[in-house]
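Undergrad: below is the structure, and that's it, no one-letter string:
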């Protein structure tokens, strides 16, 4: 992979959408490959070794969720799902299958580009040496010292709050589903304790956001999960 | 020994039944006396006044004071239920108003004269049945009764006094009363009271009544009443002993079998058996054995017998009609089969086949171990039988008989002619054979009587025409006397045997027909798939089997009785409803509304009653035969099962169709959503591509491109709203209820509606006690987004918006307050309707679905949504959600961990 020209595979059966997605991405400096069917997509993803995959869920020859699951079985490449399906359970299904993010149609170009950038940054970050600190807004998370500062002042977090924050930081830009977060922070026995998750996320916002009712970074994906927006 | 002390399970079971029955049932106390004038009503009223003074809700349902001033004085201050006025043969009569009494729901109802017969057309023929319904409804009742009105003592009293009373009370009802209070007055005092005019005597019956009040009569009646009370008290004592498990008191053996004979006076036997069974405290059976001979009885007589069977049933017997050739044999078989150790028969009952031997003798020969009670003749003056129209019937029967005998004689004549031709060629011994053959043939074809005739005629003809000297009855050869004797014997025996065989064959055919009918009905009913079809089949089958008119009341979807498809004369929905509600038969041949021409049977299935079967038999006598009635009830049960099965088939089909249509609807909506969104996505993307294309567009074109993309996005929102409304309309809102954070929902909706709100200043205030609420977050966010988008549409761009969340009275209330023009007055409710907008035609985009969706979602959460004006101007939309009890989130453990973490940090 060339560091300057990351490769993206766009798997979309609608020609107009594929066209504008491809144009916007190549304008951003991506090297773009296209596929219109699931079969073609499998071939492309095997031969091109992309850095990012953007996949539609409703394909003429199969379900995009299956494609995501197959791909995730052998590759860690970030996957952004495009979908005309609005039901939250479908988004959760795609995320659980291994997708990193989703965009609901219709969507704006700006939104698409923001998501692709966030995912590319994470993959690059993962490849280089682990970052020792992470910033969003005026908050700085010192991963080595396990300490959090907001506008320079240290913020006290409980162990669970810290673990939640660390999980969000490690997956910045990604949508994390409720079950996933519960499993990671509380352990496998607590998949039903979503009220706990909500209360802790509320506390985290109180401590780190300027206005917890209108968060700028720790975002709620209603009915799906949470996402930390990195700037 | 321990075995003997153990409580008898049967007895305990009976006791449990009695207690269950009493549970929720009213209690009955009967004031019992030997004759009119002893002061029963007086005693009842005194007791009632005492209870009234103690605060019991006592109501006098019906009181017969007979103009006695002492008694009517006691009525002062007692609430009295007004009598129901009934027209009967031009006279107005006051009757006990059962419905009013049930509606009044008094604590204690006073109902005088328990044995009173109600005016024709009342719900029940007898007042005690009204009382039964009161008791069943949980109302306590006090009532009064004279000894001569007790069914089992009715004929005894009639025998003593010479006056027969027609108003009777079944002993079973008397024995079921919770308390019996004996009201006793010595005979002399009673006669004194009579002379003093304190005893009521109806004017027209004064002479007879004076006869009645002779000292001897009164003493006998007093003894009867005291004895009956004593019997009753002994029952109580026994019940008490059963209760305390003192010893096994009920004999499981020794049950009685009462044989109902064909002769007049069988009712006397039945009453005697009932009394005996009551005194012995045993159960009893009553059977009528129908022999071929008895089948030939006139219809009216048979009806009398069936009345006796019904009387036995009313007196508490399990009754049956058996068919058999030999009465004694059938009786013994029934007694052995049901473990009955005592037989009660009437005197003069003769065994049909052994005319010289009485039934008693036949029984003692057949079963010496069974005790027999022979009941003496009834000396009571028989009530004059109404002239019965049996003459025609008898004449018709006689004509038929005469034809059969004539045929028999003719056969003999033909045989004689035939044999006359044979004489030259055959021996006399062979001639005899031909005659024998003809007798046998007659026996087979025409039955016993004609066979006997044929035997005699054949002997005579043989003697006259063939035995020397011919043409004379004289016999020269004594040998022929033996021939005659043998011929006669063979004729009689064959006649007997074939007649018996014919009878058995008929019984067997009858039985087979019965089981075949049942089998066919079951088969036909099991093939039905719809309610209409099942009813049709049941009606046809029952009508054919019972030669009756049949109607079926089925339950509709709301469990209401539907009248039958084809209305028939005399059908009454009220009676059918009563039958359904009480789970009892009503109408013809029952105790409820017996005046009806129809019999109503509830269709009881496994789970519940499925309707009512109404039957109007061609011959009402049919229903008196217990077997016929059982057969009818079996058919009713079959019908009920078929209806239940059909009901569940319909339920299952309905469910399948619903699942299927829901699946179809979901995939349709999903496809629609996909197909509408995809081109919009292309439109938005292309417009944005245009706006960022190189070289940059001129400002006018750029604005066009932005507008294009904005309109496409708005259209996508409208599509979402339309599809949501379609989902809601089809009843498919499936809530994914979870504990959600109010703050998150508000935050999410503000972010989603950011574009619509533009630069409006936004203030969010969430009360500290509002944290988690149970709802579907996606749908409630949709409500919030719709409300905020409305603010964006209808308020000026610089006015501020407030979002408030409060909790009070178990409800979480979320409000969106704007300071725009507000909702027009009178439109506060209308704006939540579909396709309603603030202004009828305006440039503001939208189709008026947003608020309708909001209301549907909020109401699905059992909340309310409304709009109020914001002072000084503007609108406040607020909706509530039930607060419920949020789960306790225990942060303590984690907080302790926080110290540890801090400690760790300090160490570093």
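TA: Everything's here; your move. As the structure is a prediction and not an experimental result, all values here were calculated from the model.
Undergrad: show the average pLDDT along stretch A:118-125.
TA: For stretch A:118-125, mean pLDDT rounds to 75.
Undergrad: same question for stretch B:372-387.
TA: Mean predicted confidence for stretch B:372-387 is 57.
Undergrad: just stretch B:817-826 next, same as before
TA: Rounded mean pLDDT across stretch B:817-826 is 85.
Undergrad: buried ones in that stretch?
TA: B:817, B:818, B:819, B:820, B:822, B:823 (16 or more other Cβ atoms under 10 Å in any protein chain shown). From N, CA and C alone the C-beta is placed, and that goes for glycine too.
Undergrad: tell me the SS of the fourth one?
TA: Using DSSP: H, G, I helix; E, B strand; the rest coil, the secondary structure recorded for residue B:820 is coil.
Undergrad: now it. Nearest residue, chain neighbours left out?
TA: residue B:795 (2.9 Å; Cβ to Cβ, 6 or more residues apart in numbering or on different chains).
Undergrad: with the last one instead?
TA: Beyond its immediate neighbours in the sequence, the residue positioned closest to residue B:823 (Cβ to Cβ, 6+ apart) is residue B:875, lying 4.9 Å away.
Undergrad: where does the stretch 651-800 of chain B have low pLDDT?
TA: Along the stretch 651-800 of chain B, the model assigns pLDDT under 70 to residues B:730-733.
Undergrad: strands of that one, start to end?
TA: For the stretch 651-800 of chain B, the strands defined by DSSP state E, counting those that start in this stretch cover B:738-741, B:762-766, B:772-775.
Undergrad: show me what the longest one packs onto, helices and strands only.
TA: When contacts are defined as 3 or more Cβ pairs under 8 Å, 6 or more residues apart in numbering or on different chains; DSSP states H and E, strand B:762-766 packs onto helix B:742-752, strand B:801-808.
Undergrad: circling back to that earlier point, most neighbours per residue, which of the strands of the stretch 651-800 of chain B?
TA: For these, the largest average neighbour count (mean count of other Cβ atoms under 10 Å in any protein chain shown) is found in strand B:772-775, namely a mean of 24.
Undergrad: that strand near chain A at all?
TA: Yes: residues of strand B:772-775 are located near chain A by Cβ under 8 Å from any Cβ of the partner chain, namely residue B:772.
Undergrad: now do that strand: distance to the chain's middle.
TA: With Cα atoms, centre = their mean, to the nearest Å as the basis, strand B:772-775 stands 48 Å off its chain's centre.
Undergrad: for stretch B:796-816, same thing?
TA: How far stretch B:796-816 lies from its chain's middle: 57 Å, per Cα atoms, centre = their mean.
Undergrad: and the contacts of it?
TA: Residues from elsewhere that reach stretch B:796-816, judged by Cβ atoms under 8 Å, 6 or more residues apart in numbering or on different chains: B:742, B:746, B:750, B:757-767, B:769-770, B:773, B:784, B:787-788, B:791, B:795, B:817-820, B:863, B:874, B:876-883.
Undergrad: quick one, which of those are buried?
TA: Buried by 16+ other Cβ under 10 Å: B:742, B:746, B:750, B:757, B:760, B:762, B:764, B:766, B:770, B:773, B:784, B:787-788, B:791, B:795, B:817-820, B:863, B:874, B:876-881, B:883, out of the contacts of stretch B:796-816.
Undergrad: that older thread, for residue B:150, find the nearest of the helices and strands packed on strand B:762-766.
TA: With Cβ to Cβ, the closest approach to residue B:150 among the helices and strands packed on strand B:762-766 belongs to strand B:801-808: 69.8 Å.
Undergrad: can you give me the buried ones in the closest one?
TA: Using 16+ other Cβ under 10 Å as the test for burial, strand B:801-808 gives B:801, B:802, B:803, B:804, B:805, B:806, B:807.
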